[in-house]
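Novice: no FASTA, just this:
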Ligand code: ARG
C-alpha cells in the first residue's frame with residue numbers, strides 16, 4: 001500500500017474534497033520555512049536520542065534524510081504536493097518515503113502546533129537581522145548624503161507652511177533617528193520572541209519526559225516557554241513584528257511624500273537619478289517619481305497585514321485554531337514589503353542631489369526668521385509672549401508691504417519695540433538664524449556635524 005499522504009488516514013475514512021485540499025493548504029507559502037522546519041526537526045531528533053526514545057542510528061538516518069530533503073528543496077528539485085497541506089507534513093511524508101520506519105518516529109512528542117510556532121520564531125529571528133542590516137544601510141546612506149549638506153540651508157515646514165530655516169543635513173538626519181527607533185523596536189521584538197515553544201506539543205505537552213532545554217539550546221533560543229497552552233497559540237510576536245514593519249513603512253512613506261513634493265517643478269528641491277524615474281506614455285516631458293509613489297502605496301500592504309493579524313487573533317478561543325495558519329501570509333507580506341522598500345529607498349537616497357543653490361535663492365519668503373526675531377527680543381528681556389505679539393504685528397506689516405523682516409528700518413522696528421537695537425540685523429535672515437541655533441539637537445550646522453560623527457561611529461560599530 002502506498003504511504004499515506006496524511007498522517008490521519010486511519011481516522012478519516014473519506015478522501016478530502018479537492019476544494020478542501022486547496023482551501024486548507026498553506027504549503028504554497030509556508031514552504032519558505034523549510035530550512036527552519038528541518039533545523040527544528042534535527043534538534044528534536046537529537047533530543048529524542050538523549051532521552052532514549054529513539055536510537056542513535058535511527059537519528060542518523062533521520063538527520064541524513066532531512067538534510068537530503070533540504071538540499072532538494074534548495075535546488076528546486078523537491079516535488080511539493082499540496083495534498084500534504086503544509087511544509088511540516090510535506091517534509092515528514094518525504095522523510096518516511098525515503099527512510100521508512102525510523103522516519104515515523106520523528107514526530108514523537110511533537111505536534112504541528114508547537115512545530116509551526118517554533119518555525120516562525122526561527123524564521124523571524126533571521127528576518128529581523130536582515131531587516132536591521134537594511135535599516136542600518138539606509139541610515140548610512142542618509143548620513144552620507146547629510147555629510148554633503150551640512151552648510152546648505154533649506155526651509156523647514158510645519159503644516160506644510162514655511163517654519164524656520166534649517167540645514168539640509170539636519171532634515172536628512174531626522175530620518176536616521178526614525179530608522180534607529182525601527183531598528184531598536186525590531187531588536188526588542190527579537191528578544192521577546194526568542195524563546196522555544198518546542199515540546200509544548202498540541203496543547204498540553206507530553207507524557208514523555210521531553211528535554212525541552214535541550215532543543216532550546218540546540219536552536220539558540222534564550223529560554224523555553226513555560227506554559228504549553230500559551231505556547232501553541234501565542235502570536236503576539238507576529239503582531240509586533242508586523243507593527244514594526246508597518247512603522248518602518250510609515251517612515252519610508254513620509255520620506256517618499258516629502259521627496260515627491262520636493263522633486264516637483266514647484267519646489268525643485270531635489271533631483272533623483274533617471275534610473276529611479278519613469279516617464280509618461282503620452283506626455284513626453286514627464287519625469288515621474290514612481291518608485292517613491294510605490295513606496296508610499298506599498299505602505300498600504302503593511303498596514304493591511306497589521307489589520308489582518310489583529311483581526312485573526314481577536315477573540316479566538318484558547319488555544320491553537322486553524323485561523324492561526326493565516327498569520328504567515330501577513331507576516332511574510334509585511335516583511336517582504338519592508339525589505340523591498342528599504343532597498344529601494346536606499347538606492348534613491350544614494351542617487352539624489354539637493355539643488356542647494358536653488359533652495360537658498362528662495363529662502364527670503366515666508367518669514368523664516370520671525371521666531372529668531374522673537375528670541376532676539378527675549379535676549380533683550382522682553383517676555384516671550386509679548387515678543388511673539390510684537391513680531392506678529394511686524395510680520396503682518398511686512399506682508400502688506402511685500403518686504404522681508406531684514407528690510408525693516410531700525411526706526412520702524414523701534415516704533416514696535418524700543419528694545420530693538422542695531423544688532424537686530426545680525427539675528428535676521430535664514431543664514432544668521434541657522435548660525436545662532438544654540439540648543440542641543442537644533443537644526444543648525446554644528447549640531448548636524450555632531451550627529452553625523454555620532455552616527456558614523458554608531459553605524460560602523462554594528
Ligand atoms: N499549517 C498549520 C499552521 O500553519 C500547521 C499547524 C496545523 N495544526 C493543526 N492542528 N491542524 O498553523
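Specialist: Here it is on my side, so go on. These numbers were taken from a predicted model, which means no experiment stands behind them.
Novice: what about residue 175, how many residues close to it?
Specialist: The local packing of residue 175 (other C-beta atoms under 10 Å) involves 23 other residues. The C-beta positions use only the backbone N, C-alpha and C, and glycine is treated the same way.
Novice: my bad, should have said residue 179
Specialist: Residue 179, neighbours per other C-beta under 10 Å, totals 22.
Novice: what element comes up after the lengthiest helix in the chain heading to the C-terminus?
Specialist: Ranked by residue count, the top helix of the chain under DSSP state H comes out as helix 112-148. Following helix 112-148 in sequence order, the next helix or strand is strand 153-158 (DSSP states H and E).
Novice: wait, residue 242 touches residue 334, no?
Specialist: Yes. Applying C-beta atoms under 8 Å, one finds residue 242 in contact with residue 334, separated by 4.3 Å.
Novice: quick check: neighbours shared by these two?
Specialist: Residues touching both residue 242 and residue 334 (C-beta atoms under 8 Å, 6 or more residues apart in numbering) are 302, 305, 306.
Novice: roughly how far does the last one sit from the ligand?
Specialist: Counting by C-beta to the nearest ligand atom, to the nearest Å, the separation of residue 306 from the ligand is 19 Å.
Novice: may I see the buried residues of stretch 412-420?
Specialist: Across stretch 412-420, burial judged by 16 or more other C-beta atoms under 10 Å covers 413, 416, 417, 419, 420.
Novice: give me the neighbour count for residue 135.
Specialist: So residue 135, with other C-beta under 10 Å, has 25 neighbours.
Novice: how much space separates it from residue 88?
Specialist: Applying C-beta to C-beta, to the nearest Å, the value for residue 135 to residue 88 is 31 Å.
Novice: now do residue 26
Specialist: Applying C-beta to C-beta to residue 26 and residue 88 gives a distance of 9 Å.
Novice: quick one, which of the two is more surrounded?
Specialist: A count of neighbours by other C-beta under 10 Å puts residue 88 above the other of residue 26 and residue 88, at 25 against 20.
Novice: host element of the more buried one?
Specialist: Using DSSP H and E, residue 88 falls in helix 87-99.
Novice: now that helix: mean pLDDT?
Specialist: The pLDDT scores in helix 87-99 average 98.
Novice: which strands or helices does it pack on?
Specialist: The contact analysis (3 or more C-beta pairs under 8 Å, 6 or more residues apart in numbering; DSSP states H and E) places helix 87-99 against helix 27-30, helix 34-50, helix 56-74, helix 112-148.
Novice: helices or strands up against the shortest one?
Specialist: Contact analysis of helix 27-30 by 3+ C-beta pairs under 8 Å, 6+ apart lists helix 87-99, helix 327-350 as its packing neighbours.
Novice: output those helices in CSV, with distance to the ligand appended to each entry.
Specialist: Below are the helices and strands packed on helix 27-30 laid out as CSV (distance: least, C-beta to the nearest ligand atom, whole Å):
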stretch, distance to the ligand
helix 87-99, 6
helix 327-350, 6
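Novice: which bits of the protein sit near the ligand?
Specialist: Counting by C-beta under 6 Å from any ligand atom, the residues of the chain close to the ligand are 26, 30, 86, 88, 112, 113, 116, 320, 322, 324, 325.
Novice: let me see the ranges of the strands in the protein.
Specialist: Ranges of strands in the chain, per DSSP state E, are 153-158, 161-167, 195-196, 223-224, 270-272, 352-354.
Novice: tell me the mean pLDDT for the longest one?
Specialist: Mean per-residue pLDDT for strand 161-167: 97.
Novice: which parts of that strand are buried?
Specialist: Within strand 161-167, the residues that count as buried by 16+ other C-beta under 10 Å are 162, 163, 164, 165, 166, 167.
Novice: now these as TSV including distance to residue 222?
Specialist: Shown next, in TSV, are the buried residues of strand 161-167 (distance: C-beta to C-beta, whole Å):
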residue	distance to residue 222
162	50
163	46
164	46
165	48
166	43
167	43
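Novice: how about whichever residue of the stretch 351-462 of the chain sits closest to the ligand: what's its closest non-neighbour residue?
Specialist: Residue nearest to the ligand within the stretch 351-462 of the chain: residue 462 (33.3 Å; C-beta to the nearest ligand atom). In this structure, residue 462 finds its nearest non-sequential neighbour in residue 136, 5.4 Å apart by C-beta to C-beta, 6 or more residues apart in numbering.
Novice: distance of the one you found relative to residue 239?
Specialist: Distance, residue 136 to residue 239, using C-beta to C-beta: 24 Å.
Novice: lovely, talk soon.
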